[in-house]
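1. Generate coordinates for the sequence data below:
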Amino acid sequence: MSSVLKVDNIEKYYGSKANLTKAIDRISFEVEEGEYIGIMGASGSGKTTLLNCISTIDHVTAGNIMINGMDITKLKGKHLSRFRREELGFIFQDFNLLDTLTAFENIALALTIMKIPAREIEDRVRSIAEKLMITEVLNKYPYQMSGGQKQRVASARAMITNPSLILADEPTGALDSKAARMLLDSMETMNVELNATILMVTHDAFTASYCKRILFIKDGKIFNELVRGNDSRKRFFDRIIEVVTLLGGDSTNVF
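-> The predicted structure is shown next:
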């Protein structure tokens with residue numbers, strides 16, 4: 001498999017010389033095509049900063065981040081905007097759907113901006129909606145949908161451009177347990193059936209148990225790594241809890 005993401009010795013500082021905070025301390029790792037990676041860590045550990053740097057929302061102080069061989073730390077202006085639009089997909093905790101657009105229009109928006117023909121847009125939106133089981137809400141507005149439906153619409157929007165990498169920031173954080181499980185099943189479908197490469201930040205061990213590999217961040221560094229391998233999801237969950245316990249976390253509300 002080819003490497004989709006390569007994080008090479010990155011550092012991130014905030015503040016001035018008199019009051020300098022190191023949020024990321026020389027982190028390096030790779031993500032291969034088709035992987036489903038989780039990032040876990042305590043509040044202030046650097047996991048969100050790491051995701052922000054990979055998503056191009058924030059800039060590294062040192063080091064390089066390569067996505068499909070492109071050093072995104074060197075991109076600026078319209079080149080950065082185009083790269084973000086075409087190569088990255090985003091799933092946020094608070095959905096970030098446009099209230100004035102239907103589910104269909106929210107999903108199709110990126111394709112419309114890319115000037116994809118209307119017939120192709122129709123086919124692609126309905127295909128992804130069927131896989132994520134949201135066909136029945138395509139003509140509804142966000143206020144007419146449940147939280148779980150909105151998050152699956154957001155997932156379809158993230159997938160519709162066939163991005164190289166999907167970045168998910170606490171995607172189950174605003175959902176009840178039933179909706180969270182349905183979303184996680186949908187993300188698993190995206191990964192297994194559509195070969196989506198997913199990097200997800202989560203505080204929740206159950207959510208993380210859907211991943212194939214987990215990086216634990218502590219004090220801006222990679223503290224530990226777990227690979228699911230042939231484990232059942234239940235066994236992987238137990239292993240995650242073991243690491244969380246080692247870090248001093250609460251196993252009922254992981255980080």
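
2. neighbouring contacts of stretch 110-119?
-> 85-86, 120-121, 124-125, 157, 160-161 (CB atoms under 8 Å, 6 or more residues apart in numbering). Placement of C-beta: from N, CA and C, glycine included.

3. run the last query once more with 10 Å
-> For stretch 110-119, contacts defined as CB atoms under 10 Å, 6 or more residues apart in numbering pick out 82, 85-86, 89, 105, 108, 120-125, 157-158, 160-161, 163.

4. then stretch 214-226 to PDB, C-alphas only?
-> The C-alpha coordinates for stretch 214-226 follow below in PDB (Å, rounded to 0.1, in the frame of the first residue of the first chain):
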ATOM      1  CA  ILE A 214      -4.500   4.100  17.600                       C
ATOM      2  CA  LEU A 215      -1.900   6.600  18.400                       C
ATOM      3  CA  PHE A 216      -1.900   7.900  22.000                       C
ATOM      4  CA  ILE A 217      -0.600  11.400  22.500                       C
ATOM      5  CA  LYS A 218       0.800  12.600  25.800                       C
ATOM      6  CA  ASP A 219       2.600  16.000  26.400                       C
ATOM      7  CA  GLY A 220       2.900  16.600  22.600                       C
ATOM      8  CA  LYS A 221       4.500  13.200  21.900                       C
ATOM      9  CA  ILE A 222       3.400   9.800  20.800                       C
ATOM     10  CA  PHE A 223       3.200   7.800  24.100                       C
ATOM     11  CA  ASN A 224       1.900   4.500  22.800                       C
ATOM     12  CA  GLU A 225       0.500   2.800  19.700                       C
ATOM     13  CA  LEU A 226      -2.000   0.000  19.400                       C
END
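
5. Give the buried residues for that stretch.
-> Within stretch 214-226, the residues scored as buried using 16 or more other CB atoms under 10 Å are 214-218, 220, 222-223, 226.

6. Of the contacts of stretch 110-119, which belong to strands?
-> Under the assignment DSSP state E, these contribute residue 89 to strands.

7. Tell me the buried residues within the contacts of stretch 110-119.
-> Of the members of the contacts of stretch 110-119, the ones counted as buried by neighbours, 16+ other CB under 10 Å, are 89, 105, 108, 121, 124-125, 157-158, 160-161, 163.

8. which pair in those spans the largest distance?
-> Pairwise distances across the buried ones among the contacts of stretch 110-119 peak at 19.2 Å for 105 and 163 (criterion: CB to CB).

9. one step back: may I see the buried ones among the contacts of stretch 110-119 organised as CSV, with pLDDT and distance to residue 15 added?
-> Formatted as CSV, these follow (pLDDT from 0 to 100; distance: CB to CB, whole Å):
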residue, pLDDT, distance to residue 15
89, 95, 32
105, 97, 42
108, 96, 42
121, 96, 45
124, 96, 45
125, 97, 44
157, 95, 35
158, 94, 33
160, 95, 39
161, 93, 36
163, 94, 33
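
10. Which of those sits closest to residue 144?
-> residue 105 (13.3 Å).

11. and the spatially closest residue to that closest one that is not a sequence neighbour, which of the three is it?
-> Nearest residue to residue 105, sequence neighbours excluded (CB to CB, 6 or more residues apart in numbering): residue 98, at 7.7 Å. Three-state call for residue 98 (DSSP: H, G, I helix; E, B strand; the rest coil): coil.

12. Having no further points to raise, I will conclude here.
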